[in-house]
Each structure stands twice: as structure tokens, then as C-alpha cells.
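the following block contains a protein sequence and its predicted model.
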Amino acid sequence: MDTAAASLIGMGLAAAGMAGSGIGIGYVFGKMIEAVARQPNAESRVSKYVWIGFALVEAIALYGLVIAFIIMGQAG
């Protein structure tokens, strides 16, 4: 296999992690909405944990993007 083709496949696989991150973010905020709908008084307690979860899930997408850019820089 050509190294340029392999690097393009690697970039695509690294960027595919962003789809999983989008699903994770939707899950985190969906569960927050469910929790607040069941117990509105707990919104202030739940929201700080939701933002921590959001940051952790978003970090996965950023890592995938950085890896894709690193592969792109090595391929050229």
C-alpha cells in the first residue's frame, strides 16, 4: 500500500473519533435533561458534573483532530 494512501486512511480514522464524541455529548446532555425533568431542584448540582463530562468527551474529539493534523503534516 502506498504511504500516502495509508496516511489518508489514518487521518480518516482519527477524525472518525469525532462522531463518537458527538454521540457522547448528546448522551451527556440528554441525561441531564432527564435528571432535571425528574428533579428540578437538583439542576445546580447536576450542571457542574455535566460540564465536566462535556469537557472530557470533547477532549476525545480534540485529540482525534490533533492526531489527524499530525498525520497530515507527516504525509506532506
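Sure, I can see it. Residues are numbered from 1 along each chain as shown.

for the one residue sitting closest to the centre of the chain, what are its contacts?
Centrality entry for the chain: nearest residue to the mean C-alpha point is residue 21, 2.6 Å, by C-alpha atoms, centre = their mean. By C-beta atoms under 8 Å, 6 or more residues apart in numbering, the contact set of residue 21 is 57, 58, 60, 61, 64. C-betas here are computed from N, CA, C, even on glycine.

just the element for it, please.
Take DSSP states H and E as the rule and residue 21 turns out to sit in helix 3-38.

now this structure, which segments are flagged as low pLDDT?
75-76 (pLDDT under 70).

what's the local residue count around residue 11?
Neighbour count of residue 11, defined by other C-beta atoms under 10 Å: 18.

pretty sure it is touching residue 71, no?
Yes. Residue 11 lies in contact with residue 71 (C-beta atoms under 8 Å); the separation is 4.9 Å.

what is the orientation angle of the strand or helix carrying residue 56 with helix 3-38?
Here residue 56 is covered by helix 43-75, with elements defined by DSSP H and E. Here helix 43-75 points in a direction 180 degrees away from that of helix 3-38 (axes from the mean of the first three to the mean of the last three C-alpha atoms, to 10 degrees).

show me what helix 43-75 is packed against.
helix 3-38 (3 or more C-beta pairs under 8 Å, 6 or more residues apart in numbering; DSSP states H and E).

now do the buried residues in the helix it packs on.
7, 10-11, 14-15, 17-18, 21, 24-25, 28, 32, 35-36 (16 or more other C-beta atoms under 10 Å).
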